[in-house]
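**Student:** This is a predicted model, with the sequence first.
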Amino acid sequence: MRGPGRIGRGLLTDPDRPIAFRFDGRRMRGLAGDTLASALLANGRRLIGRSFKYHRPRGIVTAGPEEPCALVDVIGAAGREPNCLATMLALEEGLTAESQNRWPSLALDALALNGALSRFLPAGFYYKTFMAPEWGWERLYEPLIRRAAGLGRLEPQVSAHAAPAETVHDHADVLIVGAGAAGLAAACRLGASGLAVILAEQDVTLGGGALLDPRWSPWRERARGLLARLPNLRSLPHTTVLDAYSQGVFAALEKLSSQEARRFGGLRERLRIVRVERVLLATGAIERLIAFPRNDVPGVMLAGAALGYLRRYGVAVGRRPVFFLNSDEGYEAAFALHEAGVPCAGVIDARASSLAADRARTLGIEVETGAVVQTVHGRAAVRAVTVVDRDGRRRRLEADCLLVSGGYSPATSLASQAGAALHWDPAIAAFTPDLPVTVGRVAGAARGVFGLAAAARDGEREAAAILEDLGHGAALAQSASSATVAATALAGLEPPEDRAATGIDAIWEVKGRGPAFVDLQNDVTAADVRLAHREGYEHVEHMKRYTTHGMGTDQGRIGGLVGSAILAQARGVPLAEVGQSKPRPYTQPVPLAALAGGEVREHYRPKRRLPLHACHEAAGASFVATGLWLRPLVYSRENGWEAVLKEARAVRESVGITDVSSLGKIDVQGADAARFLDFIYANRFSTLPVGRARYGIMLREDGMLFDDGTTSRLGLQHFLVTTTTANAGAVLEHLEFHRQSVCAGLDVRLTDVSDQWAQLAVAGPRSRELIGSIVSELDLSNGAFPFMAAAPARIAGIAGRVFRISFSGELAYELAVPASEARKAWSALLEAGRPFGLVPYGLDALNTLRIEKGHVTGAELNGNTTADDLGFGRMLKSEGEFIGRALARRPGLAAPDRLQLVGLHPLDRTRRLRNGAHLVAAEAPESSLGYVTSSSPSVTREGWVGLALLAGGRSRIGQQLLLTSPIHGERLEVQITSPVSFDPENHRVRA
Amino acid sequence: MLRIPCPWCGERDEIEFRYRGDASCRRPADGAALEDFISYAYERVNPFGWHCEWWLHIGGCGQLLKIVRHTMTHEIRFVGAPGDEPPPGGESP
């Protein structure tokens, strides 16, 4: 046994495996199986932290995930992790934890002064007080308040924590949440039916409340043994179901133990996305607080928690406990501690009489009925309590801890998120959930059925109801074989009956001097709730936001209903009418790293590699991510424009090759293919002859430009549409949507062939000579294969297609081959190009070439531009319907002062341009006339050229304006020109 | 997250689909008045309750589905092909 609190053998702890750990620098020892909380209590440690707002001393209050106070920092190799729940943190060798929110030390906290001032720091105090001067909040008050308040401190440790998490997808027929008596009984029933079942339990082991009553051990072990033998049932201990989504989708967080973490390469958490037909919520109930003065002194705990520490870890939370109860359930801890030899200082039962009180008296426990605890004495630990009896007589009772139970409320967070309505149940003085049966059912204490035997029966009943709901009820009756497995396993072992109990007598608050807390984590008192009401925050959700009651990491679970009750009293209405504030997802705090899973850093999104990626790498390319694609930026590892201009110059002077495979390619076939494209595109394709390509623009229905590209007619009923890289997916969806809805009557089929074809652009005055040596079965002469021709051909012996289209402004061809043959074509082209000085060029060079040619890309097709803005106004068909026709003709979209595409260059040829810099008139430099969309050093001229969108731009060609970039502190004079500054007559592309 | 029962592929996650808006809006006839197109492009009711909508199963079979979904509970009452007419109904589930 370790430490003064360890008085017996716990269900989970191993007395032969001591574990050393540190808390606030002090060495301590616990046992394998302990949580940090149980080990601290075993060591007699009471003071665990300081509270959020008043810096009051706080200790451990609960034994589970609803813990409001025992939040600690855990210091590991990866850094400091704040806000870890000591009640859920498995003790490990060498664990180092520190208390939070104290300075300079836990025992002596300088800011505890806030506590003394607490009557001057009520809810809403900050909003009302720190108002003037106007700048004061942001610069002075908020930083100061934030330093004083708050919980743990977050350290940037992305690199250390980000990797070890993963996402797993689970599918089953039924998800059972909670493995207490109800959950286990339901699991046996559903598991035996043969359905696929997942049983999720947030605890490290299955059993729930059945772990705390030794009479239940045989039943519990039999149930666990049965479940372990069912191949169709998976038990997931240490897994918290976080949230319920529509259509049976649930999120669950599985925490891995350190042994598992070692096995899985450091993995700490696993996010499970669970998809099921039905859910069975057996989430149990949460014991609640009573608001009485100084109910936050370390040593004031929930009675059920004391029972848990004793049974699970063999730890007595005190040597001389006093109890403050209002239900028979609360007595269990008193009976257990009494039996374990811990003398009880007394039980204060608020009810006039009860069966449990009678039983306690026969055991020799002193019980005072009809009395309440008025206040607690002691600063950092309970020393005594003041009891007031029915006649108002006060007496002092010496004790070292006060174990409170205000009754149990069903744990309804998940049920509420799954769509359950809550109903007031006066028998248990709590709200119970009513879940739509299409979602699932609720069983056991989670719907107010208290008592282990009653819960087990309810679990089995609700499980059977789910089988009926799923239409398996009849089938199950026939397949007796599997059903009897459950029956024999559990029927031979009748669970112990629940003792008869006297009902609860709800008591929410004992009024008196001193703060009576309803939310221990956020330091919200009963007086704060009443203040909120006085100031007009009558709705429970408004009260929550005004006081911050329930807004902590614990969502105020143990005191939520208490706050509602006090509000109800203040309003003078029944509690049922006030309700409780809606719980928020997630049911438990989740590390962001667990939500990110594997999608971090380079795995943040998928990468798409071109079919020729390895060839580009071998050619020395640096890559740039455009959308998901990795595309060659420049074939050089050096920064700067020189390498780019060298590539671009080769295209202008001789010949270059670039990979355009990332363009979207959609194969359009059918008798009505041409009609369909006439509807999709603003310009006409039905007139396009077979063997020719045409540049096309698509509009959205609202008349704005959507996408552009060339479309080739490969046969009378066969077209190939190309899209921009960025819009490849969106254009396919746009086409499919219209094909199947508006154009449903047309005979046309679409096939996405983007990944099937690799496409290489060969550009430059010598491109015809070059490809002539490897293209066969096609006459490439200018007469036979002019600009905008398209035809099938053999390319290095590969059956492919040749298009005479040009983005660079040079004589150019695009060669398409099946993606699987791309390497062969690439090698053949490089080989054939050697005598011509063929140079591969990247995206930067491509951009440089198209900017001086005035071609647009996504920077100009930005969703805000119209066809007319970019100079395509005359492409819109005057006859026939097409998408966007009507709305493109709205007068505002053709207004002469709209931003229109122009070219520009600096007057001072040594100055550079910047994308995003604004064009202004010298006489009105504060109002923007437009901005630069694309810019680059020119290939053929000295200095930079750019494209810009300029108000009334076409009428300003020839003018000089100022270009300003205030964030760079730059301002220069620019000449506005036509967008096409290179070969405006198109001599070169037609050569 | 929605789970959408595609008539061609079976039940699939929402992530495989692309929402394409209100399926009760019909594109005006060719050459219709500007006002009709403005209504078609911009004007939408935002019902609390049943909503007939387009979902394109672009990550699966590529088929366009007409779905009647409840905007509060996400219950899906009807899934069909673009030409199908959902059965009448409209009470909150």
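**Tutor:** Now that the structure is in, tell me what you want to look at. Numbers count the residues shown, from 1 in each chain, chains lettered A, B, ... in the order given.

**Student:** ok, the residue of the stretch 401-550 of chain A found nearest chain B - contacts?
**Tutor:** Nearest to chain B in the stretch 401-550 of chain A, going by Cβ to the nearest Cβ, is residue A:419, at a distance of 6.4 Å. In short, each C-beta sits where N, CA and C put it, glycine included. Residue A:419 sits next to A:244, A:435-436, A:439, B:73 when contact means Cβ atoms under 8 Å, 6 or more residues apart in numbering or on different chains.

**Student:** Compute the number of surrounding residues for residue 68.
**Tutor:** You didn't say which chain, so I picked chain A. 26 (other Cβ atoms under 10 Å in any protein chain shown).

**Student:** Let me rephrase: I mean chain B.
**Tutor:** Close neighbours of residue B:68, defined as other Cβ under 10 Å, add up to 20.

**Student:** Number of residues surrounding residue 73?
**Tutor:** Just so you know, I chose chain A. Neighbourhood size, residue A:73 [other Cβ under 10 Å]: 22.

**Student:** wait, chain B
**Tutor:** Using other Cβ under 10 Å, residue B:73 has 16 other residues around it.

**Student:** Contacts only, for the closest residue to residue A:767 other than its chain neighbours.
**Tutor:** Using Cβ to Cβ, 6 or more residues apart in numbering or on different chains and skipping residues adjacent in sequence, the residue nearest residue A:767 is residue A:655, 4.9 Å away. Residue A:655 makes contact with A:762-767, A:769-770, A:833, A:836-839, according to Cβ under 8 Å, 6+ apart.

**Student:** CSV for the contacts of residue A:419, including pLDDT, distance to residue A:90 and secondary structure?
**Tutor:** Converted to CSV, the contacts of residue A:419 look like this (pLDDT from 0 to 100; distance: Cβ to Cβ, whole Å; DSSP: H, G, I helix; E, B strand; the rest coil):
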residue, pLDDT, distance to residue A:90, secondary structure
A:244, 95, 27, strand
A:435, 95, 32, coil
A:436, 93, 37, coil
A:439, 94, 33, coil
B:73, 87, 39, coil
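
**Student:** Going by distance to residue A:827, which of those wins?
**Tutor:** residue A:244 (56.3 Å; Cβ to Cβ).

**Student:** Check the contacts of residue A:655 for burial and list the buried ones.
**Tutor:** For those, a burial check counting by 16 or more other Cβ atoms under 10 Å in any protein chain shown picks out A:762-767, A:769-770, A:833, A:836, A:838-839.

**Student:** rewinding a little: just the contacts of residue A:655 now: which is nearest residue A:859?
**Tutor:** When the contacts of residue A:655 are ranked by distance to residue A:859 (Cβ to Cβ), residue A:763 comes first, at 20.8 Å.

**Student:** which residues does that closest one bridge with?
**Tutor:** residue A:656, residue A:812 (DSSP bridges).

**Student:** coming back round to it: separation between the residue nearest to residue A:767 and residue A:459?
**Tutor:** 77 Å (Cβ to Cβ, to the nearest Å).

**Student:** Specify the helix with the largest residue count in chain A.
**Tutor:** The residue-count maximum for a helix in chain A (DSSP state H) belongs to helix A:452-469.

**Student:** measure stretch A:888-896 end to end?
**Tutor:** 14 Å (Cα to Cα, to the nearest Å).

**Student:** neighbouring contacts of that stretch?
**Tutor:** By Cβ under 8 Å, 6+ apart, stretch A:888-896 touches A:682, A:699, A:703-704, A:866-868, A:873, A:876, A:887, A:952, A:955, B:34.

**Student:** buried sites along that stretch?
**Tutor:** Those would be A:888, A:893, for stretch A:888-896 by 16+ other Cβ under 10 Å.

**Student:** Centre of the chain to that stretch, how far?
**Tutor:** 42 Å (Cα atoms, centre = their mean, to the nearest Å).

**Student:** what pLDDT, on average, does it get?
**Tutor:** Average pLDDT, stretch A:888-896: 90.

**Student:** Inside helices: which ones of the contacts of stretch A:888-896?
**Tutor:** Going by DSSP H, the helices hold A:887, B:34 from the contacts of stretch A:888-896.

**Student:** from the contacts of stretch A:888-896, which two are the most distant?
**Tutor:** A:955 and B:34 (26.9 Å).

**Student:** returning to that earlier point: are the longest helix of chain A and chain B in contact anywhere?
**Tutor:** No. Helix A:452-469 is not in contact with chain B by Cβ under 8 Å from any Cβ of the partner chain; minimum separation 15.2 Å.

**Student:** Pull out the buried residues from that helix.
**Tutor:** Of the residues in helix A:452-469, A:452-467, A:469 count as buried by neighbour count, 16+ other Cβ under 10 Å.

**Student:** Residue A:780 is in contact with residue A:768, correct?
**Tutor:** Yes. Contact criterion Cβ atoms under 8 Å: residue A:768 and residue A:780 qualify, at 5.7 Å.

**Student:** Name the residues of chain B found near chain A, please.
**Tutor:** Listed as neighbours of chain A in chain B under the rule Cβ under 8 Å from any Cβ: B:1-3, B:18, B:20, B:27-28, B:30-32, B:34, B:36-38, B:40-42, B:54, B:56, B:58, B:62-64, B:73-76, B:82-83.

**Student:** Out of those residues, which end up buried?
**Tutor:** The buried subset of the residues of chain B next to chain A - by 16+ other Cβ under 10 Å - is B:2-3, B:18, B:20, B:27-28, B:37, B:40-41, B:54, B:56, B:58, B:62-64, B:73-76, B:82.

**Student:** what sits against whichever residue of the stretch 501-650 of chain A sits closest to chain B?
**Tutor:** Across the stretch 501-650 of chain A, no residue is closer to chain B than residue A:585, which sits at 12.6 Å (Cβ to the nearest Cβ). Residue A:585 is in contact with A:242-243, A:417, counting by Cβ under 8 Å, 6+ apart.

**Student:** Out of the residues you listed, who's the most crowded?
**Tutor:** residue A:242 (22 neighbours).

**Student:** which intervals of chain B have sub-threshold pLDDT?
**Tutor:** Applying pLDDT under 70 to chain B flags residues B:90-93.

**Student:** Thank you, goodbye.
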